[in-house]
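J.: Sequence first, then the predicted structure, then my questions.
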Amino acid sequence: QVQLVESGGGLVQAGASLRLSCKVSSSIGASYAMGWFRQAPGKEREFVAGIDWRGNRPTYAESVKGRFTISKDNNENTVFLQMERLKPDDTAVYYCGAEATSSRSSRNENEYDFWGQGTQVTVSS
């Protein structure tokens, strides 16, 4: 069973930065496309960023483009989300997902095969 473990969330003020990490338990994670999603209270889970299995071709939601950067280290089976200039609207539980059957990441959460438990990001104004 493949497990994903997120870390790096926390409480920060608006304008601050955070770096989220998602470690895949198996080396097979190096072959997975990965994505970050988030879910705010009372809202549906939404796509944030995705990256292909090689760590190339990043894609972003419009709301985070220019502020967030996704990257993948296949030697460490880890995907990162560097978040800059955080806003209160970024407050959510952030989840990483892994696509086992596609080389490219999807914006559709139903395409993902494995999920982490989530990490809370809270941005105060």
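T.: Nice, thanks for sending it over.
J.: Could you list which residues are in contact with the residue positioned nearest the centre of the chain?
T.: By CA atoms, centre = their mean, the mean C-alpha position of the chain lies nearest to residue 36, the distance being 2.4 Å. Residues in contact with residue 36, defined by CB atoms under 8 Å, 6 or more residues apart in numbering, are 20, 22, 48-50, 70, 79, 81, 94-97. Where C-beta positions appear, they are placed from N, C-alpha and C, glycine not excepted.
J.: And for residue 93, the neighbour number?
T.: Residues within reach of residue 93, counting by other CB atoms under 10 Å, total 18.
J.: Next, the buried residues of the helix or strand residue 34 falls within.
T.: Here residue 34, judged by DSSP states H and E, is contained in strand 33-39. Of all the residues in strand 33-39, those buried under the rule 16 or more other CB atoms under 10 Å are 33-38.
J.: Now those residues in JSON lines, please, with extra columns for distance to residue 60.
T.: Shown next, in JSON lines, are the buried residues of strand 33-39 (distance: CB to CB, whole Å):
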{"residue": "33", "distance to residue 60": "15"}
{"residue": "34", "distance to residue 60": "13"}
{"residue": "35", "distance to residue 60": "11"}
{"residue": "36", "distance to residue 60": "10"}
{"residue": "37", "distance to residue 60": "12"}
{"residue": "38", "distance to residue 60": "12"}
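J.: how about the strands in the chain?
T.: 4-7, 10-13, 18-24, 33-39, 46-51, 59-60, 68-73, 78-83, 92-99, 114-115, 119-124 (DSSP state E).
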